[in-house]
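Undergrad: Quick check, what structure comes out for this input:
(one chain, ligands or ions: 2)
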Amino acid sequence: MSKFSEYNFKGQKALIRVDFNVPLNENLEITSDARMKAVVPTIKKILADGGKVILMSHLGRPKTGPEDKFSLKHLVKHLSDLLEGAPVLFANDCIGEQAYLTADMMREGEVLLLENLRFYKEEEKGDEAFAEQLSKLGDVYVNDAFGTAHRAHASTAVIAKFFPSEKRMFGLLMEAEVNSAQKVLSDSQKPFTAILGGAKVSDKILIIENLMDKATDIIIGGGMAYTFFKAMGGNIGSSLCEEERLDTAKEILEKAKEKNVCIHLPGESLIADKFAADADTSEAPSNNIPEGWMGLDIAGESRGQFANVIKKSKTILWNGPMGVFEMEKFQGGTKAIADAVAEATENGAFSLVGGGDSVAAVNKFGYAEKVSYVSTGGGAMLEFFEGKTLPGIAAVNEA
Ligand SMILES: Nc1ncnc2c1ncn2[C@@H]1O[C@H](COP(=O)(O)OP(=O)(O)O)[C@@H](O)[C@H]1O
Ligand SMILES: O=C(OP(=O)(O)O)[C@H](O)COP(=O)(O)O
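TA: Numbers count the residues shown, from 1 in each chain. Ligands and ions are numbered 1, 2, ... in the order given. The predicted model follows:
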C-alpha cells in the first residue's frame, strides 16, 4: 500500500471510490454536499500532480437497474463548481466501451464521473468479474469512501486485489476519518452516549448490541424506535417497523439490562396521518399510535429527557435523525437533540456526528461548527466503533 500524500500521480489515471451518496430533493437538487466537499482535497492533489481523476460511487439504493432519480449525472455541475470550474466529464455507464474510451482519452487535469455503480447488481454482490472490469479504468486505486467502508462491495473491497500493493491507497478523507475515529475509540470518556435514529433500521439495529460494550447510554429515536415499541407489544400504527428484527430488538433490551446500559426510547411521538409535509399531525404515546397514523418525530417530554442524558455525557456519538427533519413539521426533535449536543460540546464533551442525512440535518440547523467532529460515515462510523475492521479498509491494507 502506498501513502497518498507521498505518491506522485503525474500522468496516472487515479480511480477513486468516493461516497457521493448525497441527499437529493424531489427536484433532484443536492440538499447537502458535505460528502462531495470532503473529497475535494484528494481530487485537487491528484490534479495538481498532473494526474487524471476517475470517480466512482453509488447513489441511493436502486433495486432494478438504471433510474433517473439515482443518476450521478445530477452531481456533475456542482462537482465542477466545487473544483473551481475544472472540467468534469460524465460516463453514463460505469463499465463498458464508452467509459473505457472516455477514460483513455482524458487529458491531465480532467475529472471523469462514472454512472452509479449500483445500477449493476454485481456491485453489492461483490462480484469479482465486475470488480476486475472496473479496475481496468485506472492505473491506481484510491479508496476515499469512508461512508461506504463497511460494505464489502465490488468497488469498495474486491477491486483492491486487481492493483499491486504500490498502486492502491487510501485518500485524504479516509485517512482523516480513520484517525479521528481511532482517537475517540482509544480515548473516550464516560458517560458515553450513543444516539441512534434514522431509517436504516435493519442494518443499524444489529450494531446496537456491540455498542453496549462502549456506551453507558443509548438513545434510540427516529424510525429506529418503533421496532422496539412493537417488540414490547405496543401499537405503532403504520410507523416504520422492521418485522424481521423484532426478536433482535427484544434481545437488545434484555442484554442492556444485564450490561447495565440505559436504553432511552421516546415515550411520545409526533404522529402524522400520511408521510407528507402537509400531513395532519397529533401527539401520541409511542406505544399507542392509532391505526393509519405514523410516528415521524419524537415529541413531548422525550425531547427534554433525551437532552438531559446528552448534557450529562462526556462522549457523544450520533447517527440518524430523530424524525423526518426534511419536512418542517417533523424537524423539532432533531433540532432539540442537536441543541443538546452543541451545549454538551461547549461544556467539554467530545461529540461525533456522522451519516449522510445526519450531517445534512446538522448543517441545515447550523450546528456543524458546534460539534467536535462531523464524519461522512454513519453506518461505517458505528461499525468502526464496534471495533470491526471495515472491509473497505481491510482490502486496501491486505489484498
Ligand atoms: N420516524 C421516522 N419515520 C421514517 N423515517 C424517518 C423517521 N425518522 C427519521 N427518518 C428518516 O431517516 C433518514 C435518515 O436515516 P439514515 O440513512 O439511517 O441516516 P444517516 O444518513 O444519517 O446515516 C432521514 O431521511 C429521515 O427522514
Ligand atoms: O449513506 C450511507 O450510509 P449512512 O446512511 O449510514 O450514512 C452510505 O453511502 C452507505 O449507503 P448504504 O447504506 O446504502 O450502503
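
Undergrad: all strands of the stretch 151-300 of the chain, in order?
TA: All strands of the stretch 151-300 of the chain, identified by DSSP state E, counting those that start in this stretch, fall at 168-170, 192-196, 217-220, 235-236, 262-264, 268-272, 281-285, 288-289, 294-299.

Undergrad: Run through who's touching the second one.
TA: Outside strand 192-196, the residues within contact range by Cβ atoms under 8 Å, 6 or more residues apart in numbering are 204, 208, 211, 214-222, 224, 306, 309-310, 313-320, 337, 341, 382, 385. C-beta here means a position set from N, CA and C on the backbone, and glycine is covered the same way.

Undergrad: run the last query once more with 7 Å
TA: When contacts are defined by Cβ atoms under 7 Å, 6 or more residues apart in numbering, strand 192-196 is touched by residues 204, 208, 211, 214-220, 224, 309-310, 313, 315-320, 337.

Undergrad: Also the fourth one?
TA: For strand 235-236, contacts defined as Cβ under 7 Å, 6+ apart pick out 226, 229-230, 287-289, 295.

Undergrad: And the last one, by the same measure?
TA: Contacts made with strand 294-299 from outside it, assessed by Cβ under 7 Å, 6+ apart, are listed as 221, 226, 236-239, 266, 268-272, 275, 283, 286, 289, 322-324, 330, 332-333.

Undergrad: follow-up on the earlier one: what remains of the contacts of strand 192-196 if I keep only buried residues?
TA: Buried members of the contacts of strand 192-196, scored by 16 or more other Cβ atoms under 10 Å, are 204, 208, 211, 214-220, 224, 309-310, 313, 315-320, 337.

Undergrad: All the helices of the stretch 151-300 of the chain, in order from the start?
TA: Secondary structure of the stretch 151-300 of the chain (DSSP state H, counting those that start in this stretch): helices located at 172-187, 201-211, 225-231, 246-259.

Undergrad: Would you mind naming what in the stretch 201-350 of the chain lies close to ligand 1?
TA: Residues of the stretch 201-350 of the chain lying close to ligand 1 by Cβ under 6 Å from any ligand atom are 222-223, 240, 295-296, 319-321, 323-324, 326.

Undergrad: Tell me the most packed of those residues, by neighbour count.
TA: For these, counting by other Cβ atoms under 10 Å, the largest number of neighbours falls to Gly222: 33 neighbours.

Undergrad: Quick one: residues contacting the residue nearest to it when sequence neighbours are not counted.
TA: Closest residue in space to Gly222, ignoring its immediate chain neighbours: Gly197 at 2.7 Å, by Cβ to Cβ, 6 or more residues apart in numbering. By Cβ under 7 Å, 6+ apart, the contact set of Gly197 is 221-222, 224, 320-322.

Undergrad: Just name the most buried of the helices of the stretch 151-300 of the chain.
TA: Mean neighbour count, computed with mean count of other Cβ atoms under 10 Å, is highest for helix 225-231 among the helices of the stretch 151-300 of the chain, reaching a mean of 25.

Undergrad: And that one, what does it pack against?
TA: In terms of contacts (3 or more Cβ pairs under 7 Å, 6 or more residues apart in numbering; DSSP states H and E), helix 225-231 is packed against strand 235-236, helix 246-259.
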